[in-house]
Every structure is written in structure tokens, then in C-alpha cells.
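**Q** how does the following fold in three dimensions:
(2 chains)
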Amino acid sequence: MQVIENLKVKEKVYKEKLENGLTVMIIPKLGMKKKYMIWGTHYGSLENEFVVPGEEEKTVVPNGVAHFLEHKMFEQENGTNSLDVLTALGVEANAYTTNDHTAYLFECTDNFYEAMDELMDYVQHPYFTDENVEKEKGIIGQEIMMYDDYPEWKVYLNAINAMYHECPVKIDIVGTIETISKIDKEVLYKCYNTFYNPSNMVMVICGDFKPDEILEEVKKRLIDKKSNGEIKRIYPEEPETIVQERIEQKLEVSMPLYTIGIKDIVADNCNKNKTEIVKKHIAIEIILNLILGRSSRLFQELYKEGTIFAGPGLSYEFTNIYAHILIDGQSNNPEKVYEEFKKEVKNFKENGINEEDFERIRKMIYGGYVKEYNDVTDISRMFLADYFKGINSFDYLDEIESVSKEYTEQVLKQVFKEDKMVLSIVG
Amino acid sequence: MQYKEKEIKKGIKFHKISTDKFKTNLIAVFLTTKLTRENVTKNALISTILRRGSKNMNTQEEISKQMEEMYGAGFDCGLDKTGDNQVLKFYIENINDEFIPKHNENMLKSAIEKLLEIVFNPYTENAEFKKEYVEQEKNNIKQKIEGKIDNKARYALNRCIEEMYKDEPFGLFKFGYIEDLEGIDAKNLYEYYQNLIKNCKIDIFVSGIVPDNIEQLIEENENIAKLQERQADYVIPAITKKETNQKENIVTESMEVTQGKLVLGLDINLENEDQKYDALLYNSILGGTANSKMFQNVREKAHLAYVASSSYSRQKSNIFINCGIEIANYEKALEIVKKQIEDMKNGEFTEDDIQNAKKGIISTIDLIDDEQDTGITYYFGQELSAHKIGPDEYKEKVEKIQKEDIIKIANAISINTIYFLKD
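**A** The predicted structure follows:
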């Protein structure tokens, strides 16, 4: 097993790629009773067009299949539901679907191996019938309607739609009532057989384990399955431009919600090596905090005049096919927040970044990375999500020192472009 | 992990949780006071005004800068309604010196000092809060009060509680009321604050790699030293007889929603303190997990909902059932929900259900050691209970519960309010 150690947080990751293509990462946390296991596939809501290995023709599936599949994986041929079985063991089991991956997980203090039996069994044995697929449409229909009542989800999705013309990041992960109505068991099996191949999956285990032993336990529970080769994923061509600068929707809320989006150029990320992307990500976090963080001039000004009441959310999201910055919050005057933000970006570009502020914010970001290593849940999920981006999570701790003020100023000029900004308002 | 408590002065307690499992130290100060209609809004304001500035850090900007300088020490304030008490919560989470690139700082000491200063030594001008801060925070609280409609599921739950506890403290909204704000100014709020600090229950928690002289450090801290002993003014929950046989109160309201939110508020009539553990187990079987009756019957069998669960309020002996359903399915869903409550009364649950529920509860107790905030939450919860017990005793109490205990609880339950939010 490959061992990667990080001296800053004093943690180690043991990594192994098995013969069938499955990657296993083990992060020992001695003395912890809490244990976490997560098994993910590099398959999320983005994958609606692809070529199944060994086939010539491309396959197109309805929106929302990855998420539907996640729901259906728990159903077993013997009539049991794996979520029930896991819950009965006293473990906390769950699953989720994102744009670029789907993951199945549990956390526990006791019955780890029994839970591992169940998790590895159900993820490797799908059982879909016409009847159980139909039934799920009612439940997912309610999930879709629940999101309809979440203004924070609407304002996010609208911002994405204002930035992207074609990219499937535009698609709601859960699909719509209409698209999920077209899902049947054949579609589910096809997607399962394509994407739930060990070579497209990664497993992360964190807790008080001996790496060699736990790896053997994983191997014992794997069914015989060959690596199926590369899946060709087809994505529509996405122009670099935004669709529209402003987008607004009416909903009953006490104060408008806003999201400011800045579309980034993906090709810039793809051509770089992965540590470069990590550096860029760190620089963007520093810039966002310098401009709108709690100690920033702009935040203080907007807070004092009552335009905003809490620190906005600041994030950079990216995969191989999209990259953007999101700033979100609530305000009675989102237009003002947006205009002042644009002005401040311009100021920073013209006057450069203050050295002292830069050092302080960099320290803060470093502390934030260290905190991620407190909990087995956070550690596991971070390593899994970063893995699908081709990143080793330790890189953030290692690269932060090399992110200089000059480099950050360069990123500011390259990424924070006015013609790539959008404003989404719900209220 | 090792837990120790020490009364610094009457009404002021220090809690030490020594653990080396985390990269961080977590420091918390909780101010607990009686929830009243008169003071609810003022307390909400105090919780936000204190983060605006302290004696040595006069502005929010200055506080933020200091926190950033300490490798992003996370400073946070919160406000809780816990039974008939209102709790003002203040936290700082800072990374252990061991994980700081330069080892010459004593960050824990510095973090404790800063937190105590923010809570007990606020920035004042002419013996009152800064006027500008008070006006801004009044506006902030106003937004929070108006914001209660934003999360529809939470709104429905709050409305159900409000209906059940009309004219009682627990029915109050934790951020208070807009009409109260007008009468509050920098002078009377500061007077109120001084009064609060003099009379409230004060709990200070430090969790992490804690030095041996920590008690001394806290006791000798200038902001602690100046506090007086007190007969803390808060409510210890008692078992009270609830009126049964009352007719269900049915409330339906309209709002712009796609999905209907159904909430049932149940009363539990307990005879003794130990039955609280039976009620916890009852709730777990009824709607606490994916194996529960609610999840299985409303969601998995009838496919009426994505969310179908219940939660237990230990302080007030209530259970709240939540479902997000198609509006047209109201009658159907309600019928199934009521059937689950009836089935529980008739003992229609298995020994397996009981064992599973026990395992689930015990594993959450086991997490006290492994999640820093869970540890503090547990010990503070015990601090506010009539009878304090440690995690091991807690587990024992859960272990020994029998089926008849749960049936007894089931028969001591009645539906108080059925609340439905629709379009």
C-alpha cells in the first residue's frame, strides 16, 4: 500500500488500487470509537450521455437517473431493504448524489463488520423490478417538491442557469417529475452496469483500524468483477460566455436571497496539473475572504448600513467540465451587494492586495484546513470528493505556503472578470 | 476523555473535558435564563450585540481580525430555547498549539480570555451600549423574526408549538417579537444586560488538550473574578401533569408552498423522571429512524412522503411528528399517522424494534467522546436536567427498558395539535 503522510496534521493515508480497479483509501484514527465507511462511484447528475464500454452507439438517459439509482440500490432481492438492515445494527446509514459522484456510507461505533457486510453486499447487488421502480417515483416526487419549497436551492440553480448554456451542471440532481416518469428498470441496470464498476469507484475508511487488516476485509467482500475499461462521457460544448447577467424569481420569503456567480474557464483547470488547481482554489478562497470576509471593509460597510445581516457564503466549485465561484446570502438590496462587490474587485485589481491582510487571511484558511481533520466523517467525505477531482486532500495543507500574494493577485485578474459575473435573486 | 466540573461561585460552573482526540480546543460560555415574554426579545438582542465589540476589541472588524490572526479561531454565537429557558451561547474553536506552524503561542489561553471578554466585558459608551450597534442589531433581529417564514418545514413546527403552548413560555419565538423592539434602546438594554449577567446561570466549557492549571486560569480571569455569586434564575424541568382527554386542536394555514407540511404535536403524561428514557425509545420506534413506523408506513409502504419522522422534546415531554406530503393526501396521511400511534398503544411492535432502537440510542451516546461539540451538548443537557447522569448510567437506563414500559408510554400519549401548512 502506498502511504502518504502529512506532518502538519499528523495523519496518514494508506492507498491501494486493487486488481479489479477499485481504489481503497484508509485513514487510521487511533483511539476513536467512531468509524466511517464510504463507497463512491464517479457518477453523478452530469452523466446523461455516454458510451458503454464495448458498445459503439452512445446512450442517452433521462435527467435524474443517478439519484434515482441511489434510492433504489437499497432494495434487495430477498425483500429486505438495506437501509433498514443497517439501521437495525444501530449504525447511521445514508447515501447521496452530487453532480459528479454518488456515495453510500455508514458511521458507527459498534457492529462495523456486520455493517460493512451489508453495505458491500447491497452496492454490489442491484435489484430493480417494474414495481419497486414505480413505487419510488412517489417518494422522489415528494423529494422534488420539497426542494421546490427551498428558496436557497432555487437561487443557486438559477445562478447556474444564468452562467451555463449547455453544461449538464444546469440539471437539477433529482430531475423533474416529468423526467423521472421515464425511468424504468432497464435504464437503471444499464447505468449501474456502466458506472458501478470497481474501476470507476473509490472506497474510504476512517477509524481505529490496522490498514492491512481492513484492506483484507474489503477484499474478502468483493465479488468477482473485472475492470470494464474506460467509459466515454459525452458532454455538450460549453461556450466561455455567460447566458445572462441577471435572473430573478418570485417566492414568498422574508428577505430576498441572492447568489452572485462568477464563471471560470474550465480549460485552464484541465490543462494544469492537480497541485496547480489546489493552489488556485486556495488563492480564490483568500481573495473571497479579503473582499467579503468578516473582517473586510466591504462586509463591514454593508453590515453597518443594514444591507446584509450575516457573512455571505463564499465558495469555489469545480469538476472537469465546469468551474465557478458562488457568493450567497440574504439582502434587502442584492443589487447593491452586487454593484459594491464589483467595485471592490476593481479596487483590489488596481491597488493590489495588502500584505498584512493577506498573511492574516492565509493563516485563517490554514486553520480551517486543519479543523477538517477532527472528525472521521469530515475526513472521509473530503478525501472521497477530492479524489474524484484528482486531488489528494493533503495537498491543501502542503500548497498553502506556496500561495504568494503575487500569485493571488494574478488569479484575481484571471478569474474575477466582470463579464463572467451573474446575479440571481429570489424574493 | 475525562469530564470534571467545578463550581467557581454559586451559580457559575466550569466544565472541563480533557481529550486529545481533536485538532482543536472548543470553548463555550452558556448563559441560561428563564424564558419570559417580557425578556425574550432583549435576550435575543444581547446574543447579537455582544459580538459587536468588547472592551479591548471595540469593533466587529477588530474581533474578526483577531480571530483570523489566531489561525481562524471560529467565533460563533447562538440562541436556543431549551424547555422554559432561553440559552445564549458563545463559542470559540481554535486549533491546538501542536498544529500551529510556529509553536510559541499559547492560543488556548488567548482564546479563553477573548471569549470571556466578549461575553462579560462588552464595549460601552457612557455606561450604555453603543447606540449605533443597538440600532443595527435591532434591525438584524427584526430580519431574523421576519425570516421565520423562510424555511417552511421549520415554520410549521414552530407554529404547532405556538398553538400547543399559547400564553406559556415554551410557545414563545426564540428571537422575540418585532413590537418589542421599539421600546429597547442602548441604555435600557445595557441595564438589562447587567441584570442578566448578575442573575443568569453561567456555564463555561473547555474541551481539548487542557492544561492542569485551567481552573485557576478561569477563576483568576478578571472578567470572571468580578462576577458575583447568584441564585441562578432558570427553570429546572419538572414532571407536570398534562391535561388529557382534551379535543385535538386542528389548525390549517395557507402559504405559498408546493408541498404540504403536516406536524402533529403529542403530549406525553409522565409519572416519573425515568420514564423520559422510555419516551426516548418510544420515539425512536415511532419515527426516529429509517426503521420506524413513520418512515416504513408513510414513506416506504404508502409512498406519500420523502420526509416522515418524529422527534422527542425531553424538556417538555412532547413528540412532534413531521411529514412533507402532497396537499391532496392530507386525510390519507393523517389516517396512517394516527394508526401508527394507535398501533404503538396496542403493543404492535417487536422485540427487534426495541433492540434496534436501543442500539441506535446507545451509539449516539458513544459519540460523546468522538465529537467535540456533542460532548459539550451532552454535559450541558445534563446540567439543565433535574437529575444528572453520566454516559454509562445513561446507557444502562436505556438498556433495561422493557416492552411494557414502552406500551405504558404509548398509552400516556395523546394528540394535542394537528397543524397543516398548505397552499
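**Q** quick one, domains of the chain?
**A** Unless you meant another one, I'm taking chain A. Domain assignment for chain A by automatic domain parsing gives A:2-233, A:246-426.
**Q** my question was about chain B, not that one.
**A** Using automatic domain parsing, chain B is parsed into the domains B:2-225, B:249-422.
**Q** so can I have TSV of those domains showing distance to residue A:372?
**A** For glycine as for every other residue, the C-beta is placed from the backbone atoms N, C-alpha and C. Output for those, formatted as TSV (distance: least, Cβ to Cβ, whole Å):
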stretch	distance to residue A:372
domain B:2-225	9
domain B:249-422	13
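**Q** could you point out which element follows the worst-scoring helix or strand of chain A on mean pLDDT?
**A** Every helix and strand of chain A was ranked by mean pLDDT, DSSP states H and E. The lowest is helix A:266-270, at a mean of 71. As assigned by DSSP states H and E, the chain's next helix or strand after helix A:266-270 is helix A:274-292.
**Q** distance between that following helix and the chain's centre?
**A** Here helix A:274-292 shows a centroid-to-chain-centroid distance of 17 Å under the convention Cα atoms, centre = their mean, to the nearest Å.
**Q** give the next helix or strand downstream of that helix.
**A** Reading on from helix A:274-292 to the C-terminus, the next helix or strand found by DSSP H and E is helix A:297-304.
**Q** may I see the buried residues of that next one?
**A** A:298-299, A:302-303 (16 or more other Cβ atoms under 10 Å in any protein chain shown).
**Q** and if you look at stretch B:224-231?
**A** Neighbour-count burial for stretch B:224-231, with 16+ other Cβ under 10 Å as criterion, is recorded at B:224, B:227, B:230.
**Q** now find how far off-centre it is within its chain.
**A** Relative to its parent chain, stretch B:224-231 has a centroid offset of 25 Å by Cα atoms, centre = their mean.
**Q** dump the domains of chain B into a markdown table; add mean pLDDT as well.
**A** Putting these into a markdown table (pLDDT from 0 to 100) gives the following:
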| stretch | mean pLDDT |
| --- | --- |
| domain B:2-225 | 95 |
| domain B:249-422 | 95 |
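**Q** ok so, going back, the buried residues of helix A:297-304: which ones sit near chain B?
**A** residue A:303 (Cβ under 8 Å from any Cβ of the partner chain).
**Q** give me the neighbour count for residue 358.
**A** In the absence of a named chain, chain A is used. The number of residues packed around residue A:358, counting by other Cβ atoms under 10 Å in any protein chain shown, is 19.
**Q** that's the other chain; I wanted chain B
**A** When neighbours are counted by other Cβ under 10 Å, residue B:358 registers 18.
**Q** sec struct for it, please.
**A** Three states are possible here, and by DSSP: H, G, I helix; E, B strand; the rest coil the one that applies to residue B:358 is helix.
**Q** how about the nearest residue to it, chain neighbours excluded?
**A** Taking Cβ to Cβ, 6 or more residues apart in numbering or on different chains as the measure, residue B:358 lies nearest to residue B:398, with 5.6 Å between them; neighbours along the chain are not counted.
**Q** likewise residue B:319?
**A** The nearest residue in space to residue B:319 (Cβ to Cβ, 6+ apart) is residue B:266, at 4.3 Å.
**Q** the one you found looks like it's in a strand, true?
**A** Yes: the assignment for residue B:266 is a strand, going by three-state DSSP.
**Q** give me every residue that touches it.
**A** For residue B:266, the contact set (Cβ atoms under 8 Å, 6 or more residues apart in numbering or on different chains) comprises B:318-321, B:341, B:413-416.
**Q** list phi and psi for residue B:26.
**A** Comment: the main-chain dihedrals of residue B:26 come out as phi -120, psi 120, following degrees, to the nearest 10.
**Q** count of residues packed around the closest residue to chain A within the stretch 251-400 of chain B?
**A** Ranking the residues of the stretch 251-400 of chain B by distance to chain A (Cβ to the nearest Cβ) places residue B:359 first, at 2.7 Å. Taking other Cβ under 10 Å as the neighbour definition, residue B:359 ends up with a count of 22.
**Q** and residue A:201, by the same measure?
**A** Here the number of neighbours of residue A:201 (other Cβ under 10 Å) works out to 22.
**Q** circling back: could you pull up the residues touching the closest residue to the residue of the stretch 251-400 of chain B closest to chain A other than its chain neighbours?
**A** Beyond its immediate neighbours in the sequence, the residue positioned closest to residue B:359 (Cβ to Cβ, 6+ apart) is residue A:90, lying 2.7 Å away. Residues in contact with residue A:90 (Cβ under 8 Å, 6+ apart) are A:108, A:110-111, B:356, B:358-360, B:362-363.
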